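Trainee: structural data only, the sequence is not supplied:
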Ligand code: HEA
Ligand code: HEA
Ligand code: CUA
Ligand SMILES: [Cu+2]
């Protein structure tokens, strides 16, 4: 079994990026960007999540092949839950 | 015929160890399956007991047998027990648990201790619901709709919710275990296109268990918090929307109906192939339609909410999607029928159940189309038409499949044959009793009798009497197998390793199997349902 | 690592697996599937939040801006740091640095407790301000950007209900994680984990990162959106 | 033929024949499919029953067949969908000329209030041939308004309005059921719909000394102080409500919504939710100060402001606004 071991330097780098992103999102929240505030906040959050998943959770180097499909499935079904629920709530105002 | 075998038994999972502890602490998937069998059966009879109470109350239009509140608790307990404590675990946790590892040539599930933990969670959930029942019960219906459940019911909603929550985790863990097992534990040569269809079906079921159950779990937590801590999430007084609950609830509970039916469909594939001595028609389509049902099943949940006050557009979307989930079911039905073509069909008890399944599932499924059709659903929703629809599938379909499977694999599980005559008789009784019980309910429903009614206008009585009569026949039909299965454990003929000359790795090990299933890990070089070769060897005619 | 020879004798190999690789893959697949269920579990709450947030955007913003941004940010930093310590713990286990492993685990526990402590301070503040849903709830904020437009206190109450449920569930997960790490640290100090067998550390790590990710979303959703004046 | 053993309830509304037609179509279709499948199963079972010396023939499958029996059902399903959807659309869009009945459901009774002011409990009188729109809300839990003879059903929710409508076509007395489980006496929450000939109905209407809903609403409008802000000119602190109902309203945040019943209701209970463009959010909430019935009356009054005035209601001065009646597809919003 060929185990991939990332170097602590990479981890610290990721950690620093996460911290920077945190600062950015907090600062961005204070600026009025209209609807973009939400988008920016969630984009940054997703960016952070991706970093954590790929490097801290070792998905980038996973030896188990099914992990990526499993994550994709989780996101897909989460999306279904949110999107199809909103299909009701968002259209109630329609005529 | 009633002589017990005197020859010393081969070492098997049953005689490997003795004592209560060897059962309660076992990590052998086969023993855990038997633990499930025992507990699930208990709950079935309990749920059936409540069903009988329902039917007795509805014998007359007046509410004369019990109080209204009692009736409400009775149908609620009936629903909760039958759904969460019987039908959802029954096929995967009993037959699936027993067979999945053997069928793929593994020694056990991937996580044996987690498997045991699932059973304990199930039992804890079961004890909670029993406790809830004995200390006052719950009267919200199995659907727990707020604001009734959160602010108006003064029964034990939280406790019932907790029971469902805990048993939900049992089913999550089972699903998790199955998926990992199928992916990682297959014997050499057991490729995906050689998997028995029962394994495919359970695999698909597991997907639903994993993705759906957590949502209902958190939903129930929210209801409980709203009740106890006055958090306001569904509360219309705070501007909350009770429909949000319904969305979250059905996000799980619609897919959950496929948790119930898929494993049974898997059983049917095994039965039909074996007793028509054929490979299944369109293996790939039957296998993939299971996965398709599992996935599409997540797209249709709000068809339970057509009159609930959803937006018009959501109604249209969900109705449209609902029809698509019927397509893979249709594929299955057609393929099973085609499998019979040019077969060599024998009418053993399991096969009779399979025929029963085909008929009743088809009718139940087709009436599902009535419900998915918006205009008709508006009229029949929340009437007995719905009750009939789901009993046709859940009792007529799932239960028939389960009983068929129990008869089929009983020799493997217990090492004994069941009495064939009584088996056939009970299959017949169940079929007739079933139709008598639930067919009248379709008419009743279209006539407008609402469900969850403790008393009803007198013009509905005739049909209700028929239904009650049917239920008592049905009770006999279910008690019979109970009796002769128990009887056969002692007095049944010892079963050969492969009494049906069936395909599948489970038939290549001894009956009952040894603790680690195979003396030697099998290497698979043939497709599933290789009846071609088996038929050549066949000379021993099947016991009729 | 040359595992193939070790495999046969590896005491960690359970009877029903053929080889260590299979067992490791199975357990990490199992762990990921468990995380999928967690995603859906929190997904239910996110769904509720999405629905109400879009329906009562202003009222929720009003309630949201009473949250303490400073504490929230600090907690985010604490949690991210704890993710680093966890991944370092896994690294220590992979490379057989047993002392470091225990140290990193303990550090994670400390950070986790710090997070919970800060959360506790925040909760206490809600109690003082009567921002806890229930009969004593009271809210009198205005919609951000519309100082003369009072927010609907009922919707604010829903916001706080969701706030407590979501952060509460998150905290419960943290507590479980901390318990887990305490147990692992104890075992690790006894030398239970080696480069050949450290699955429990790896899986607990995955769990912790997942909890971290939940917070990564909770933080902007609860604290940040429409925060500006 | 089925007089003693009917297979469907009386057909007493304009919607009923359509629903029954689809139903009967589905019965025939499913009957046909079931018989077809059973016939095949039984035929194969008999023809290919096990005989000594005859082996089963192994057949792989057939992609052509698979495609056939996936695609044909799919089109059949699509047809059913379209048919059912058309009916549903009709059920959920009340005609514009419908008279309105306000319904308040509570554990365990139905309360009705006619536009003319008649109030009834568990019994509703309606004229034959007239479109009737039910504007429904609940005081406690979810109920469901179900009249089998009309083939209509709609859940009734607390905190908001839901709407259904029907046009009775046949005089008679029909069951009204509560179809959503609502607690102990769910099965007792039943009543009658009396469908009368128009003349009879007029006689029934004039029997009582009811105050029309809109008029009662007008009195409330004065006594609750709404008039202080909502004046019939442009001088009020609140918008002039004449001609508002049923029309699109531009909101402060740029959205446009239709001022349907639900919107008016929300404006009274939760004025802050949707601010009319150009106004300040100063309107106090009347949550808790008005009962569901009073709320209905207020809504009826606001709507009456741009209808051809009901006979008794004095036309508010300076109204030139006119008539196209409020209407609207039912629509709901998260409250
Ligand atoms: C195991 C359980 C199970 C299964 C498998 C199903 C399967 C289906 N169900 Fe059912 N259903 C329930 C259990 C189940 N249901 C329960 C418990 C409820 C009530 C819950 C409650 O309120 O308490 C319910 C309620 C329910 C409703 C809501 C009714 C209401 O409350 O208003 C609807 C609406 O669309 C529906 C639809 C369907 C459909 C379209 C299918 C489809 O999957 C069926 C597909 C199968 C077939 C269609 C048959 C085979 C096909 C052919 C032979 C093809 C040939 C046909 C043609 C060419 C026409 N079901
Ligand atoms: C797996 C699911 C399942 C199963 C197997 C059954 C089985 C049966 N059900 Fe059930 N049913 C549901 C799931 C199920 N049901 C659900 C989900 C609801 C909705 C609940 C709700 O609205 O919330 C419902 C509701 C429901 C109603 C509607 C109640 C109402 O709306 O008012 C009725 C009425 O006839 C009914 C009847 C029956 C009958 C006669 C059986 C028969 O098949 C049962 C036959 C079995 C037996 C008769 C047992 C035999 C045992 C003995 C004879 C021994 C006696 C026992 C002891 C002494 C302990 N069920
Ligand atoms: Cu009201 Cu049921
Ligand atoms: Cu469904």
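Mentor: Perfect, I can see it now. As the structure is a prediction and not an experimental result, all values here were calculated from the model. Ligands and ions are numbered 1, 2, ... in the order given.
Trainee: helix or strand right after the helix or strand hosting residue B:269?
Mentor: For residue B:269, the enclosing helix or strand under DSSP states H and E is helix B:242-275. Next helix or strand after helix B:242-275 toward the C-terminus (DSSP H and E): helix B:283-296.
Trainee: now do the buried residues in that following helix.
Mentor: For helix B:283-296, burial by neighbour count (16 or more other CB atoms under 10 Å in any protein chain shown) applies to B:283, B:285, B:286, B:287, B:289, B:290, B:291, B:292, B:293, B:294, B:295, B:296. Bear in mind the C-beta positions are built from the backbone N, C-alpha and C, glycine included.
Trainee: please enumerate the helices of the stretch 351-500 of chain B.
Mentor: With DSSP state H, counting those that start in this stretch as the criterion, the stretch 351-500 of chain B has helices at B:374-380, B:384-391, B:400-414, B:420-447, B:461-491.
Trainee: who's in contact with residue 26?
Mentor: Going with chain A. Residue A:26 sits next to C:69, C:73, C:224 when contact means CB atoms under 8 Å, 6 or more residues apart in numbering or on different chains.
Trainee: hm, I was asking about chain D
Mentor: By CB under 8 Å, 6+ apart, the neighbours of residue D:26 are B:366, B:369, B:370, B:373, B:376, D:80.
Trainee: what helix or strand is the nearest residue to the first one once chain neighbours are set aside located in?
Mentor: In other words, residue B:366. Distances taken as CB to CB, 6 or more residues apart in numbering or on different chains put residue D:30 closest to residue B:366, at 3.8 Å, once the chain neighbours are dropped. Secondary structure assigned from DSSP H and E places residue D:30 in helix D:16-47.
Trainee: buried residues in that helix?
Mentor: Neighbour-count burial for helix D:16-47 [16+ other CB under 10 Å]: D:16, D:18-20, D:22-23, D:26-27, D:29-30, D:33, D:37-38, D:40-41, D:44-45.
Trainee: whichever residue of the stretch 151-300 of chain B sits closest to ligand 1 - how many residues pack around it?
Mentor: Per CB to the nearest ligand atom, residue B:257 is where the stretch 151-300 of chain B lies closest to ligand 1, at 3.3 Å. Per other CB atoms under 10 Å in any protein chain shown, the neighbour tally for residue B:257 reads 19.
Trainee: list the contacts of it.
Mentor: B:297, B:390, B:393, B:394.
Trainee: tell me the pLDDT of it.
Mentor: Note for residue B:257: predicted pLDDT of 94.
Trainee: for residue D:92, same thing?
Mentor: Predicted confidence (pLDDT) at residue D:92: the value is 92.
Trainee: look up how far ligand 3 lies from it.
Mentor: Distance of residue D:92 to ligand 3, computed by CB to the nearest ligand atom, to the nearest Å: 21 Å.
Trainee: now that residue, nearest residue through space, not along the chain?
Mentor: Using CB to CB, 6+ apart, the closest residue to residue D:92 is residue B:312 (5.0 Å).
Trainee: burial count for the residue nearest to residue B:492 when sequence neighbours are not counted?
Mentor: Among residues not flanking residue B:492 along the chain, residue B:416 sits closest, at 3.3 Å (CB to CB, 6+ apart). The tally of other residues near residue B:416 (other CB under 10 Å) stands at 21.
Trainee: for residue B:416, list the residues it contacts.
Mentor: Per CB under 8 Å, 6+ apart, neighbours of residue B:416: B:410, B:488, B:489, B:492, B:493, B:494, B:495.
Trainee: what does residue D:98 give?
Mentor: Per CB under 8 Å, 6+ apart, neighbours of residue D:98: D:130, D:131, D:132, D:133, D:165.
Trainee: before we move on, the earlier item: could the contacts of residue A:26 go into JSON lines alongside neighbour count?
Mentor: Below are these laid out as JSON lines (neighbours: other CB atoms under 10 Å in any protein chain shown):
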{"residue": "C:69", "neighbour count": "16"}
{"residue": "C:73", "neighbour count": "17"}
{"residue": "C:224", "neighbour count": "27"}
